[in-house]
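Asker: Using only what follows, build the 3D model:
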Amino acid sequence: MNIYVLMKRTFDTEEKIAIENGKIKSDGAEFIMNPYDEYAVEEGIALKEKHGGEVTVITFGEEEAEKELRTALAMGADKAVLIDSEELEESDQFSTAAILSAYLKNKSADIILSGNVAVDGGSGQVGPRVAEILGIPQVTAITNLTIEDGKAIIIHDVEGDEETIEVSLPVLVTTQQGLNEPRYPSLPGIMKAKKKPLDTLELDDLDIEEEDAAAKTERIELFLPPKKQQGKVLQGELNHQVQELVSLLKSEAKVI
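Answerer: Residues are numbered from 1 along each chain as shown. Have a look, this model is predicted:
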């Protein structure tokens, strides 16, 4: 099987975020593989172990993303590809999907896996956009995946319940918590990862023009949410508490 995994480098989920001049301050911040993409990498490796084939992990980002790609290689992926983002002044989900699709369009993928969302942006757009550009089926938020006779049998979350879908390969799926338990890179895996191929590509290496990958959105402002104010505990009889609550909702919260 030709298995491809889309990966993104994100801030550590426990990192304290600071904003400077309208941008997230990255100096000294810790970065990790997007946690939802870890499930995609794990599922790709598990599919390879069961059906054979090769797992290639791809990211569109800066040179520093090599660290997270090496982590995927240490987990058990076979190859990694970094598509350098420095040529684009600004990029968004459209840019990322257009560039990843330009790389994938001639790769004869059997299955493409991606995290359901990225913890920094949370839009969940890139995977579905890639599937749409490539013209292949997509199933999001999957919790179980089985490959049999050239078909994928998939269970995914839908409106608080679950749905089982059967779809022919190739297919793109997005992964989430509950699908599997990502493995930790072993020491032998880390050593082997240093010798596995990690290719760096630029836009010139892909059949896509810079203007065709230009961002479609513009960030007007970026700010942290306001600090939560200290809560109030209402005392006294229930009727008195209700009256006081209504009064506070009118005078302080101004929601009624």
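
Asker: who's in contact with the top strand by length along the chain?
Answerer: Assignment by DSSP state E gives strand 138-148 as the longest strand of the chain. Identification of contacts with strand 138-148 by CB atoms under 8 Å, 6 or more residues apart in numbering yields 1, 43, 47, 50-51, 111, 116, 124, 127-128, 131-132, 152-158, 162, 165, 167, 169, 171-176, 178-179. In this view, the C-beta of every residue, glycine as well, is placed from N, C-alpha and C.

Asker: the helices in the stretch 1-150 of the chain, which residues?
Answerer: Applying DSSP state H, counting those that start in this stretch to the stretch 1-150 of the chain gives helices spanning 35-51, 66-75, 93-104, 126-134.

Asker: Which elements pack onto the longest one?
Answerer: Spelled out, it's helix 35-51. In terms of contacts (3 or more CB pairs under 8 Å, 6 or more residues apart in numbering; DSSP states H and E), helix 35-51 is packed against strand 2-6, strand 54-61, helix 66-75, strand 111-115, strand 138-148, strand 171-175.

Asker: Between the ones you listed, which one is closest to residue 238.
Answerer: Proximity to residue 238, assessed across the helices and strands packed on helix 35-51 by CB to CB, is greatest for strand 138-148 (41.8 Å).

Asker: who's in contact with whatever helix or strand comes next after the closest one?
Answerer: Per DSSP states H and E, the first helix or strand lying C-terminal to strand 138-148 is strand 151-158. Contacts to strand 151-158, defined as CB under 8 Å, 6+ apart, come from residues 111, 139-147, 162-169, 171, 173, 176.

Asker: which of the residues you listed count as buried?
Answerer: Taking 16 or more other CB atoms under 10 Å as the criterion, what is buried in the contacts of strand 151-158 is 111, 139-142, 145, 147, 169, 171, 173, 176.

Asker: could you show me where the strands are in the stretch 151-256 of the chain, in order?
Answerer: Using DSSP state E, counting those that start in this stretch, the strands found in the stretch 151-256 of the chain span residues 151-158, 161-168, 171-175, 198-201.

Asker: Can you say which of the ones you listed is nearest to residue 252?
Answerer: Minimum separation from residue 252 across these (CB to CB) falls at strand 151-158, 38.2 Å.

Asker: Next one: the residue nearest to residue 185 when sequence neighbours are not counted from residue 151, what distance?
Answerer: Of all residues not flanking residue 185 in the chain, residue 74 sits nearest, at 3.4 Å (CB to CB, 6 or more residues apart in numbering). The spacing between residue 74 and residue 151, counted by CB to CB, to the nearest Å, is 31 Å.
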